[in-house]
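In: build me a structure from this.
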Amino acid sequence: MYHRSAVAPSGRIALAQIDTTVGDFEGNAARVRAATERARAAGASLVAFPELTLCGYPPRDLLDFPEFLDRAARTLAELAAPAAWSRGAAVAVGFPEAVPGAPPPGVYNAVALIAQGRVVAIGRKSLLPTYDVFDETRYFLAAEHSTAADALPFEVRLGLSICEDVWNDKRFWDRPRYERDPIAELARDGAGLVLNVSASPYAIGKPALRERMLAASAKGHGATIAYVNQVGGNDALLFDGGSMLVGRDGAILARAPLFREALVVADLDGGRVEVVGLDGRPLRAPAAAPADPVADEVLTALVMGVRDYARKCGFRSAIVGLSGGIDSALTACIAAEALGRENVLGVAMPSRYSSSHSREDAAALARSLDLRFMEIPIEPMHAAFEAQLQKAQGRPLCDLADQNVQARVRGQILMALSNDTGGLVLSTGNKSELAVGYCTLYGDMAGGLAVIGDVPKTLVYRVSRAANARADRALIPERTFTKPPSAELRPDQTDQDTLPPYDVLDDILQAYVEERLPLDAIVARGHDREVVRKVLRMVIGSEYKRRQAAPVLKISEKAFGEGRRLPIAQGWRY
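Out: Down below sits the predicted model:
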């Protein structure tokens, strides 16, 4: 009979915060072996890896392919076989467990505990999220009970849990999502050490929330919690890591950095802690905190997202259209840091409406970043389109159509360069523009990745300042920050000809898109009713555009893309 406070955990544990690639079983297993060898050399008796490490997270409909699940089973068997790399250490690794004869879908999201050359215990995920980007009941069965095991050299019972299982402490949340609390179940089963293997995506404010939640859970249940989270980007999702060891009193005993692969090796009783990279070199915190920590954190997340998206999709270079504006400038800064300046091509495409300062600022940005740069004027192509369409219709294009022709000529140029060079086109639109449709399909929306598509315009300016601060020089020219935003598709145009001021617009969008507030509640925040009504109508009417946008790197609780599923053809209006 176990009692949760009977034995305080002791021994040495390693949290292996690694960046996995979906479907790369061989590469993911190699990372497990290498990290385990390094952890074992540092004296760790247990090495823990993130959720679904073997197949990568999220695998989505790859789980529908029997050969994918067979490969996962074979990889686990190969890892569990007696081998020198794991000798003397137990390994906890996430994998998809196909169970013959189980009801559909017949697969569990599981964690295997490997020790002494065999799988000694399997824990299965109990709570399956179905909100925002998650759709786990589509792929997995929910475990009916939590699993604790005694197979470790530690004199403590180990509770096995997976990601969402630790997010339902009824004492922490006012309105828990689920009836069950798997961590409470493990504590009642005598678990003095709860291991949570996770793939928890990043959002602004989430790392701090996670820490508070884990501290409250550990203290409330009287159990040490070892939390290991995935790091890296997979498609639109960014995983920040932030793995941590939390003592029974809620104190943080050890933590991994954000947005970096790391190995945290720590004594369970709060003694010695080592935080190293997977190359074995110590990882140290920055000497000084950034002036705007949120903006700097978002910048780091986006750099990681671009780097991983390009690497995992097989791209070695990127192409960015440079307009002289703040959005394309920030996108270029992110690309240069992620991929190396020599691998980024900046392309300025001025028209008859482009100001001299826009051309100058685009060139100045390319020089400051030391990018490869070219200027391709679009006037001949624009004029040719106008002439042929006027000849066909017997009249000139209307103003809006003519503006969109310019944007689409630019999109054609960027995609032609992509086809010719193999570079990934990075679209430069921000969240504010995507929200209200202030963008052109097949024009400025063209590209393979929407780098700042979840960054509101007001935050774009802050993150751009953070990019300059990180470089300790003006990568982005000061005039780019101070001039009125403009698409420059007609004479003397500014964004505010069509849109409310961005501080107003972004607050309305925050209230509606992320907080899901009704119209009256948004008005109560101090906004004009007709302005709010106009913005909400624009958001609803632009769904068809967003459905065709490139994948958007997610940094908020509610990004456009797979986590926001609204119909295109519908009659809901304000």
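In: check Asn404 and give its pLDDT.
Out: Note for Asn404: predicted pLDDT of 93.
In: can you tell me how far the residue nearest to it when sequence neighbours are not counted is from Asp402?
Out: Once flanking residues are discounted, Asn404 sits nearest to Thr440: 4.9 Å by C-beta to C-beta, 6 or more residues apart in numbering. Yep, even glycine has a C-beta here, placed from its N, CA and C like the rest. Going from Thr440 to Asp402 by C-beta to C-beta, to the nearest Å gives 12 Å.
In: more neighbours, those two?
Out: Taking neighbours as other C-beta atoms under 10 Å, Thr440 and Asp402 compare with Thr440 leading, 22 against 16.
In: which ones are touching the more buried one?
Out: Going by C-beta atoms under 8 Å, 6 or more residues apart in numbering, Thr440 touches Gln403, Asn404, Ala407, Arg408, Gly411.
In: just those now: which is nearest Glu67?
Out: Comparing the contacts of Thr440 against Glu67 with C-beta to C-beta places Gly411 closest, at 38.2 Å.
In: wait, is the closest one part of a helix?
Out: Yes: counting by DSSP: H, G, I helix; E, B strand; the rest coil, Gly411 falls inside a helix.
In: average model confidence for stretch 264-274?
Out: Mean predicted confidence for stretch 264-274 is 90.
In: ignore what I typed, I meant stretch 35-52.
Out: Averaging pLDDT residue by residue across stretch 35-52 gives 95.
In: need the distance between the two termini of that stretch.
Out: Taking C-alpha to C-alpha, to the nearest Å, the first and last residues of stretch 35-52 lie 16 Å apart.
In: before we move on, what about stretch 38-47?
Out: 10 Å.
In: can you tell me what sits against that stretch?
Out: Residues outside stretch 38-47 that contact it (C-beta under 8 Å, 6+ apart): 11-14, 16, 35-36, 85-92, 152-154, 158, 195, 263, 265, 274, 276, 278, 280.
In: in strands only, show me these.
Out: Counting by DSSP state E, the contacts of stretch 38-47 place 12-14, 16, 90-92, 158, 195, 263, 265, 274, 276 in strands.
In: helix or strand: which one has Ala387?
Out: helix 379-393 (DSSP states H and E).
In: what is that helix packed up against?
Out: helix 399-421 (3 or more C-beta pairs under 8 Å, 6 or more residues apart in numbering; DSSP states H and E).
In: compute the number of surrounding residues for the nearest residue to Thr458 once chain neighbours are set aside.
Out: Spatial nearest neighbour of Thr458, excluding adjacent residues (C-beta to C-beta, 6+ apart): Asp506 at 4.8 Å. Using other C-beta under 10 Å, Asp506 is surrounded by 20 other residues.
In: please export the C-alpha coordinates of the helix or strand harbouring Asp506 as PDB.
Out: According to DSSP H and E, Asp506 maps onto helix 502-509. Extracted C-alpha coordinates of helix 502-509, given in PDB (Å, rounded to 0.1, in the frame of the first residue of the first chain):
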ATOM      1  CA  TYR A 502      -4.100  49.900 -35.800                       C
ATOM      2  CA  ASP A 503      -4.200  50.300 -32.000                       C
ATOM      3  CA  VAL A 504      -8.000  50.400 -32.300                       C
ATOM      4  CA  LEU A 505      -8.200  47.600 -34.900                       C
ATOM      5  CA  ASP A 506      -5.900  45.300 -32.900                       C
ATOM      6  CA  ASP A 507      -7.900  45.700 -29.700                       C
ATOM      7  CA  ILE A 508     -11.100  44.900 -31.500                       C
ATOM      8  CA  LEU A 509      -9.500  41.900 -33.200                       C
END
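In: from the chain's centre, how far out does it sit?
Out: Here the centre of helix 502-509 is set off from its chain's centre by 23 Å, with C-alpha atoms, centre = their mean, to the nearest Å.
In: hang on, the earlier thing: tabulate the contacts of Thr440 in a markdown table, adding columns for neighbour count.
Out: Below are these laid out as a markdown table (neighbours: other C-beta atoms under 10 Å):
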| residue | neighbour count |
| --- | --- |
| Gln403 | 20 |
| Asn404 | 19 |
| Ala407 | 23 |
| Arg408 | 20 |
| Gly411 | 22 |
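In: can you tell me which two in these are farthest apart?
Out: So, the contacts of Thr440 by C-beta to C-beta: farthest apart are Gln403 and Gly411, at 13.1 Å.
In: SS state for the residue nearest to Asn404?
Out: What three-state DSSP gives for Thr440 is coil.
In: and it, what pLDDT?
Out: Listed pLDDT for Thr440 reads 94.
In: what pLDDT does the residue nearest to Thr458 get?
Out: 97.
In: in which helix or strand would I find Pro82?
Out: Using DSSP H and E, Pro82 falls outside every helix and strand.
In: hmm, it is touching Gly117, no?
Out: Yes: judged on C-beta atoms under 8 Å, Pro82 makes contact with Gly117 at a distance of 3.4 Å.
In: give me the more crowded residue out of the two.
Out: Gly117 (12 against 9).
In: can you check the pLDDT for the more buried one?
Out: pLDDT, Gly117: 88.
In: and what of Leu253?
Out: We have a pLDDT of 96 for Leu253.
In: can you list phi and psi of Val246 for me?
Out: Backbone geometry at Val246, expressed as degrees, to the nearest 10, gives phi -120, psi 120.
In: let me see the contact set for Gly270.
Out: Contacts of Gly270 by C-beta under 8 Å, 6+ apart are Gly247, Ala251, Leu253.
In: repeat that for 7 Å
Out: Gly247, Leu253 (C-beta atoms under 7 Å, 6 or more residues apart in numbering).
In: surely it is within a helix?
Out: No: counting by three-state DSSP, Gly270 is not found in a helix; it is coil.
In: now do it against Gly247, distance only.
Out: For Gly270 relative to Gly247 (C-beta to C-beta), the value is 6 Å.
In: ok, now Pro377?
Out: Counting by C-beta to C-beta - Pro377 and Gly247 are separated by 64 Å.
In: settle it for me: which of those two has more neighbours?
Out: Gly247 (20 against 14).
In: ok, now which ones touch that one?
Out: Ala218, Thr224, Leu253, Gly270.
In: helix/strand/coil for Ile122?
Out: Secondary structure, three-state DSSP: Ile122 is strand.
In: tell me which residue lies nearest the centroid of this structure.
Out: Centrality entry for the chain: nearest residue to the mean C-alpha point is Leu238, 1.6 Å, by C-alpha atoms, centre = their mean.
In: report pLDDT for that one.
Out: pLDDT for Leu238: 98.
In: who touches the host helix or strand of it?
Out: According to DSSP H and E, Leu238 maps onto strand 237-240. When contacts are defined by C-beta under 7 Å, 6+ apart, strand 237-240 is touched by residues 133, 199-202, 207, 229-232, 258-259, 301, 304-305, 553-555.
In: low-confidence ranges in the stretch 401-550 of the chain?
Out: The model of the stretch 401-550 of the chain has pLDDT under 70 over residues 488.
In: could I get the full set of strands for it?
Out: 424-427, 449-450 (DSSP state E, counting those that start in this stretch).
In: got it, and the stretch 251-400 of the chain?
Out: Counting by DSSP E, counting those that start in this stretch, the stretch 251-400 of the chain has strands at residues 252-255, 262-267, 273-276, 318-321, 344-348, 372-375.
In: please identify the most buried of those.
Out: Greatest average neighbour count among the strands of the stretch 251-400 of the chain goes to strand 318-321 (a mean of 28), per mean count of other C-beta atoms under 10 Å.
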